[in-house]
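# Build the 3D model from these lines:
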Amino acid sequence: MPSEKNIIKVKELQDTFSKARAVYFTEYHGLDVENITKLRSEFYKAKIEYKVAKNTLLKLALAENSIEGIEDILNGSTAIAVSYDGPVAPAKVIKKFNKKSDLPKVKGILFEGKFLPGKEFKRLADMPNKDELLAKLVAMFNSPLQKLISTISAPLSNTIGVLHSLKEQKSES
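Okay, the predicted model is just below:
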């Protein structure tokens, strides 16, 4: 008979999986308390939940949400990084953290409802996030507009320059 605590935990995980845009399943075993605290802090700053869960509870919650193909990665110590906003945000945090440490290792990713193997992590981590894409879009729109403004204003500037030159010539005569 499952305990009340485990039943509640499975329901929480089901809710997490149904609302999340991305869930990164990570291997954290080997990180000391100091590094786990730093990692949690980085995730918190990026508005990402990072929690440790039992593999059996994860399997039950995934089955309840009809998510398949992940069972193979649910062994050893597992923690999940959950993003409700930007699906690449956890990858960026993990990539930055991995510059100082080999852990956590990404076992697999539940990305927009589809399972991706852990090897796809690097590709996702290198993708630009929403803010970077918006900045590029604004720059692309801004450049042609500036060229248009300079093209439109060039004849007016040339005309003013000619008139100014004529005025100086008249005043010298």
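# going forward, measure contacts between C-alpha atoms and count neighbours the same way
Fine.
# residues touching the residue positioned nearest the centre of the chain, list them.
With distances taken as CA atoms, centre = their mean, the residue of the chain nearest its centroid is residue 89 (2.1 Å). Shown in contact with residue 89 (CA atoms under 8 Å, 6 or more residues apart in numbering): 46, 48, 83, 125, 129.
# are any of those residues buried, and which?
46, 48, 83, 125 (16 or more other CA atoms under 10 Å).
# Output those residues in CSV, with secondary structure, distance to residue 158 and pLDDT appended to each entry.
As requested, the buried ones among the contacts of residue 89 are exported to CSV (DSSP: H, G, I helix; E, B strand; the rest coil; distance: CA to CA, whole Å; pLDDT from 0 to 100):
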residue, secondary structure, distance to residue 158, pLDDT
46, coil, 52, 93
48, coil, 56, 96
83, strand, 55, 95
125, helix, 50, 89
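# returning to that earlier point: and of the contacts of residue 89, the nearest to residue 112?
Distance to residue 112 across the contacts of residue 89 (CA to CA) is lowest for residue 83, with 10.3 Å.
# For the closest one, give its distance to residue 19.
9 Å (CA to CA, to the nearest Å).
# And residue 33, by the same measure?
Taking CA to CA, one finds residue 33 at 29 Å from residue 19.
# Neighbour count for those two, which is higher?
It is residue 19, of residue 33 and residue 19, that has more neighbours when counted by other CA atoms under 10 Å, with 15 against 9.
# can you count the residues close to the residue lying closest to the more buried one once chain neighbours are set aside?
Spatial nearest neighbour of residue 19, chain neighbours left out: residue 84 (6.7 Å); criterion: CA to CA, 6 or more residues apart in numbering. Burial of residue 84 is recorded as 16 neighbouring residues (other CA under 10 Å).
# Looking at this structure, which helix is longest?
Using DSSP state H to define each element, the chain has its longest helix at helix 130-172.
# tell me which residues in stretch 149-162 are buried?
Per 16+ other CA under 10 Å, stretch 149-162 contains no buried residues.
# before we move on, what about stretch 110-129?
Buried, per 16+ other CA under 10 Å, within stretch 110-129: 110, 111, 113, 115, 116, 118, 121, 124, 125.
# quick one: contacts for the second one?
With contacts defined as CA under 8 Å, 6+ apart, residue 111 is in contact with 21, 22, 23, 87.
# who touches the second one in this structure?
Right, residue 22. Per CA under 8 Å, 6+ apart, neighbours of residue 22: 82, 83, 84, 86, 87, 88, 109, 110, 111, 112, 113.
# do the first one as well
Residue 21 sits next to 82, 83, 84, 85, 86, 87, 111, 112, 113 when contact means CA under 8 Å, 6+ apart.
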